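In: Okay, here's the prediction I keep looking at, along with the sequence it came from:
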Amino acid sequence: MARRSQSTRLHLAVTVLMCAFVSTDGVDMNDLLERASQLSDKLHSLSTSLTNDLDSHFPPIGGKMMRPSMCHTSSLQIPNDKDQALRVPENELLSLARSLLLAWSDPLALLSTESTTLPHPERSNINSKTKELQDHTNSLGAGLERLAFKMGPSSEALSSLPFYNNNLGQDKISRLANFHFLLSCFRRDSHKIDSFLKVLRCRAAKMRPEMC
C-alpha cells in the first residue's frame, strides 16, 4: 500500500509539471528551465523506483551484466562530470539533453510493450510505472523543444542514436536481463539529462559555478 501511495504521489506531481508545459507563451527562459529540471528529476526518480522493483525479486540479474559501453547511447560524446558540463556552451548542453531523450523513444516503447507480459511478480506495478515513464519522457521532450525554439537554431541540432532491437528475447531469464539492462541504461541517461538541465538552469539564473 505504501509503495502504491508513493507511486500515486509521484504521478500526480509529474502530471502537474506536464500540464505546465502545455502553454509556454510569455513564459521566460528561467521558468521553462525550472519546469524542465523538475520534470527530469521526477523522471530519474521514477526510473530508480522501477529498477528497485525489478531488483526486489531478481537482484543478480542485469546489475553484473550491465556495462555502460553497451548502452545504445554510449557513442554520444558527453561531459563526464559537472565541472566539464559547466564548460560546455548552453546550446550544446540542450542539444545533448534532447539527443539523449530522443534516443529513448523506441527503447521505451519496447519496454512498455514488454512490461505487459514480463515474467516478474511485480509485473503490474512495473507495467504501470513503465507507461508513466514513457508519457513523462514525451512531455519532457516537448518542453525541451520549446526551450530549443527560444534559445535559437544553434540549440536545435540533434545527434542520431539508433536503436535496432525489436524484442528482449524468448526465455524468461533473457527477457528479465535485457529489460533490466535497458532500464539501467535509461536510468543512467536520465541522470545525465537531469544534470545538464540543472546546469542550464543555474546558468540562466546567473549563479556562480560553485553554486550549481
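Out: Cool, the structure landed. Residues are numbered from 1 along each chain as shown.
In: contacting residues for residue 51?
Out: Taking Cβ atoms under 8 Å, 6 or more residues apart in numbering, we find residue 51 in contact with 180, 183, 184, 187. Every residue, glycine included, has its C-beta placed from N, CA and C.
In: swap in residue 175?
Out: By Cβ under 8 Å, 6+ apart, the neighbours of residue 175 are 114, 118, 119, 168, 169.
In: In a markdown table: those, plus neighbour count, pLDDT and distance to residue 87.
Out: Below are those laid out as a markdown table (neighbours: other Cβ atoms under 10 Å; pLDDT from 0 to 100; distance: Cβ to Cβ, whole Å):
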| residue | neighbour count | pLDDT | distance to residue 87 |
| --- | --- | --- | --- |
| 114 | 19 | 94 | 39 |
| 118 | 20 | 92 | 41 |
| 119 | 12 | 90 | 46 |
| 168 | 19 | 89 | 38 |
| 169 | 14 | 87 | 41 |
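In: quick one: buried residues of the longest helix seen in the chain?
Out: Among all segments of the chain classified by DSSP state H, the helix with the greatest residue count is helix 172-204. Counting neighbours by 16 or more other Cβ atoms under 10 Å, one finds that the buried residues in helix 172-204 are 175-204.
In: and what of stretch 112-121?
Out: 112, 114, 115, 118, 120.
In: try stretch 87-100
Out: Those would be 88, 90, 91, 92, 93, 94, 95, 96, 97, 98, 99, 100, for stretch 87-100 by 16+ other Cβ under 10 Å.
In: tell me the SS of the fourth one?
Out: So the one you mean is residue 92. Secondary structure assignment for residue 92 (DSSP: H, G, I helix; E, B strand; the rest coil): helix.
In: Can you tell me the centre-most residue of the chain?
Out: By Cα atoms, centre = their mean, the mean C-alpha position of the chain lies nearest to residue 190, the distance being 3.4 Å.
In: so what's it up against?
Out: Contacts of residue 190 by Cβ under 8 Å, 6+ apart are 40, 43, 44, 47.
In: Quick check: the two most widely separated of those?
Out: Of all pairs drawn from those, the greatest distance, 10.7 Å, lies between 40 and 47 (Cβ to Cβ).
In: Neighbour count: these two, which is higher?
Out: residue 40 (27 against 24; other Cβ atoms under 10 Å).
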